[in-house]
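Asker: All I have is the shape, not the residue letters:
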């Protein structure tokens, strides 16, 4: 059987592909997402210093946007669930690492202590 589109979320761009291997009797689900729109918006927000300043003043600082594809990759490869409050110290370390700077909507750096009890 050929790989088939199983699901597509037009809001997030997340696609789930289904493949069944008759020889090995294995099912494979593959997730993919065009994260470029999210990453471009992250970059635009990070370069808008007023956006960050106003967010901090209102105590609603938009610190990062993690595309679903990245969240899924972290979950499957590292067991890191962005919806688990206990995982946020590790997630904040990732977000503050220059390697993952593209996920941030600001050029400032923040620590996990500021998020304790406030993670939705």
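Answerer: Yep, it's here. Quantities reported herein were computed from a predicted structural model and do not represent experimental measurements.

Asker: which residues of this structure fall in strands?
Answerer: Ranges of strands within the chain are 4-8, 14-21, 26-33, based on DSSP state E.

Asker: and the angle for the shortest one with strand 14-21?
Answerer: Read it as strand 4-8. Computed by axes from the mean of the first three to the mean of the last three C-alpha atoms, to 10 degrees, the angle separating strand 4-8 from strand 14-21 equals 150 degrees.

Asker: quick thing: my sequence starts at 8, can you match it?
Answerer: Yep, numbering from 8; the last one is strand 11-15 now.

Asker: and strand 11-15, average pLDDT?
Answerer: In this model, strand 11-15 has a mean pLDDT of 94.

Asker: Locate the residue of the chain with the greatest distance from its centre.
Answerer: The outermost residue of the chain relative to its centre, with distances by C-alpha atoms, centre = their mean, is residue 30 at 35.0 Å.

Asker: ok now do that one, which residues does it touch?
Answerer: Contact partners of residue 30, counting by C-beta atoms under 8 Å, 6 or more residues apart in numbering, are absent. From N, CA and C alone the C-beta is placed, and that goes for glycine too.
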